[in-house]
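>>> need a 3D model of the following:
(2 chains)
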There are 2 protein chains.
Amino acid sequence: MPYSEETAGYRFNHTMLRIKDPNISIPFYTDIIGMDFIQKLEFSDFTLYFFAFDHTKGKATETEKKQGRLNREGILELTHNHGTEVLEGNPYHSGNSEPRGFGHIAITVPDVEAACARFERLGVPFQKRLTDGKMKHIAFILDPDGYWIEVLQHTL
Amino acid sequence: MPYSEETAGYRFNHTMLRIKDPNISIPFYTDIIGMDFIQKLEFSDFTLYFFAFDHTKGKATETEKKQGRLNREGILELTHNHGTEVLEGNPYHSGNSEPRGFGHIAITVPDVEAACARFERLGVPFQKRLTDGKMKHIAFILDPDGYWIEVLQHTL
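Predicted coordinates for the structure are as follows:
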């Protein structure tokens, strides 16, 4: 599409997934995936948690991260509907069995072998290891709710 | 989380949604949402379509867009499983009725009133207009498969 003034400045800001338990998902997306936890918005029945990779090498302040939350791309929003954390089993559906729809989120990394070795070491479950199937350059790990996260390299 | 060398360079590259008919979804995401259609990857049973907002004001070449596909954030990947385009009804699930999971993607815009007025003019269906409900600063439009797209302003 040719450049249009009408939609100039639009950004694909975020993707929202529902989660069962923030006490499990927050450490997963920060310590394991490596995103910053940038903001929490509490409502009476639910709480929203926002995450993003910090591309400033740690130079951005908490205030700058919050202020930039709506003005950048690559934000992950996790919705916790209060009370789901005490349910038995997984209340949410990954979209990859019937009824299908959403497929996955994807992170790209400088070195996919190193990233997957690190996920293995940290005990992250895999849906597909690099060595599985035909496509040897991509892996899929599973987040705590069973959502698929594709892992592939910046350069193929 | 403090800045970590281990995950430095990771990017939240893309979100994947399955679509029924690329001949409907491609014009929607380009002409109406304003994204660039940057790459198509064909396989025997399915085809992948990649979209992203161009933040270079139209200066990026097609080659630069393709080369940057894995090295940026804010990419939308649409998967077309061949043959779904002739099915009756909608084969895919938005995630917003049972079984729930994925919620929405979101675009942020410089002027949410102007963006919503333009979507109305173009005949896009709304799940929630700015005037509906309590949260007057956000709207939700529906994509051709029924996925929810939140629309909100860069600055609240």
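>>> per-domain residue ranges of chain A.
A:11-92, A:102-156 (automatic domain parsing).
>>> top helix in chain A by residue count?
helix A:112-121 (DSSP state H).
>>> buried residues in whichever helix or strand comes after it?
Next helix or strand after helix A:112-121 toward the C-terminus (DSSP states H and E): strand A:126-128. Neighbour-count burial for strand A:126-128, counted by 16 or more other CB atoms under 10 Å in any protein chain shown, picks out A:126-128. The way it works is simple: take the backbone N, C-alpha and C, and place the C-beta from them, glycine included.
>>> from residue A:51, how far out is the nearest residue to residue A:57 once chain neighbours are set aside?
Distance criterion CB to CB, 6 or more residues apart in numbering or on different chains; nearest residue to residue A:57, sequence neighbours excluded, is residue B:3 at 6.0 Å. The gap separating residue B:3 from residue A:51 is 15 Å, by CB to CB, to the nearest Å.
>>> looking at the two, which is more packed in?
Neighbours were counted for residue B:3 and for residue A:51 using other CB atoms under 10 Å in any protein chain shown; residue A:51 has more, 23 against 14.
>>> in contact with that one, which residues?
A:29-30, A:33, A:35-38, A:75-78 (CB atoms under 8 Å, 6 or more residues apart in numbering or on different chains).
>>> which SS state does it fall under?
Classification of residue A:51 using DSSP: H, G, I helix; E, B strand; the rest coil returns strand.
>>> ignoring the adjacent residues along the chain, who's closest to residue A:99?
Distances taken as CB to CB, 6+ apart put residue B:93 closest to residue A:99, at 3.6 Å, once the chain neighbours are dropped.
>>> what is the burial count for that neighbour?
There are 23 residues near residue B:93, going by other CB under 10 Å.
>>> repeat for residue A:133
10.
>>> before we move on, what about residue A:120?
Residue A:120 has 14 nearby residues by other CB under 10 Å.
>>> quick check: closest non-adjacent residue to it.
Spatially, and ignoring its direct neighbours in sequence, residue A:120 is nearest to residue A:126 (7.7 Å; CB to CB, 6+ apart).
>>> now the helix or strand of chain A with the lowest mean pLDDT: how far from the chain's centre is it?
Between all helices and strands in chain A, the lowest mean by mean pLDDT, DSSP states H and E belongs to helix A:62-67, at a mean of 89. In terms of CA atoms, centre = their mean, to the nearest Å, the centre of helix A:62-67 is found 19 Å from the chain centre.
>>> that helix near chain B anywhere?
No: with CB under 8 Å from any CB of the partner chain as the criterion, chain B is not reached by helix A:62-67; the gap is at least 8.7 Å.
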